[in-house]
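A.B. asks: Prediction below, plus the sequence it came from.
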Amino acid sequence: MASVISICNKGLRYLGGEEILSLEQESRGARLCNQYYAEVRDELLEEHHWNFAARYVSLALLPESPLFGFTRAYQLPADCLRVRRLRDNADFEVVENRVLYTDALSAEAVVTARVTDPARFPALFVEVLARKLAAELAVPLMNSSRLEQSMMTKYVNALERAKAMDATEGASDPDDTNEWVRARLW
């Protein structure tokens, strides 16, 4: 099971850095992991519509009226990083103070939530997070832009693999009981 420390240590190992025991310990690696980890995690959560971070929410209607174009304003949850879509694919816009404008009578949304418990991260997400963390730490920790480029390439490759696997979650296998499908598969 992943933890913040195990993810940070994985990223540090990719750089050839010293492992840490806690984010509060007196070492450059620990200080940098403490500084970068949450930001890198949230950036990665925003970068793709990860299934494990999807949440269905009913948004609270606000008394204010939008100034331009829409008729209703709704408050987004504090842990909402990104709105994927509204029910019935209603048009919307997210504005300052985490407010969503739309014409929908009730705003039921699919959002990407900030997931902070690493135990909920799939293994491939952990790998991508460690790779991205390594890329971000390469210059401040190892003073190497060449290492940063190498880590960024490995991060991008890991991200593509993880996104592809995430996209197949919930997809059903072909129905091989159908004679036509069976003939096409074999």
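C.D. replies: Sure thing, it's come through. Residues are numbered from 1 along each chain as shown.
A.B. asks: separation between residue 115 and residue 50?
C.D. replies: Between residue 115 and residue 50 the distance, using C-beta to C-beta, to the nearest Å, works out to 8 Å. Where C-beta positions appear, they are placed from N, C-alpha and C, glycine not excepted.
A.B. asks: Do I have it right that residue 130 meets residue 10?
C.D. replies: Yes. With contacts counted by C-beta atoms under 8 Å, residue 130 reaches residue 10, the gap being 3.8 Å.
A.B. asks: ok, these two, which is more surrounded?
C.D. replies: Each of residue 130 and residue 10 had its neighbours counted (other C-beta atoms under 10 Å), and the higher figure belongs to residue 130 (25 against 18).
A.B. asks: residue contacts, that one?
C.D. replies: 7-8, 10-11, 14 (C-beta atoms under 8 Å, 6 or more residues apart in numbering).
A.B. asks: Let's see that with 7 Å instead.
C.D. replies: 7, 10-11, 14 (C-beta atoms under 7 Å, 6 or more residues apart in numbering).
A.B. asks: most surrounded residue in the residues you listed?
C.D. replies: Per-residue neighbour counts (other C-beta under 10 Å) across those peak at residue 11, which has 29 neighbours.
A.B. asks: three-state assignment of that residue?
C.D. replies: Remark: residue 11 carries the secondary structure label helix [criterion: DSSP: H, G, I helix; E, B strand; the rest coil].
A.B. asks: Give me the secondary structure label for residue 55.
C.D. replies: For residue 55, the secondary-structure state derived from three-state DSSP is strand.
A.B. asks: these two touch, right, it and residue 113?
C.D. replies: Yes. Distance between residue 55 and residue 113: 4.3 Å, which falls inside the contact criterion (C-beta atoms under 7 Å).
A.B. asks: the more surrounded of these two?
C.D. replies: residue 113 (18 against 15).
A.B. asks: Can you tell me how far the more buried one is from residue 77?
C.D. replies: Using C-beta to C-beta, which is the criterion applied here, residue 113 is 7 Å from residue 77.
A.B. asks: was I right about residue 151 contacting residue 135?
C.D. replies: Yes. The pair residue 151 and residue 135 passes the contact test of C-beta under 7 Å, sitting 3.8 Å apart.
A.B. asks: What residues of stretch 55-66 count as buried?
C.D. replies: Neighbour-count burial for stretch 55-66, with 16 or more other C-beta atoms under 10 Å as criterion, is recorded at 57, 59, 66.
A.B. asks: Please disregard the earlier target; I meant stretch 20-33.
C.D. replies: Of the residues in stretch 20-33, those scored as buried under the neighbour-count criterion (16+ other C-beta under 10 Å) are 20, 23, 29-33.
A.B. asks: Which strands or helices does the longest helix along the chain pack on?
C.D. replies: The helix spanning the most residues in the chain, taking DSSP state H as the definition, is helix 145-168. Using 3 or more C-beta pairs under 7 Å, 6 or more residues apart in numbering; DSSP states H and E, the elements in contact with helix 145-168 are helix 123-142.
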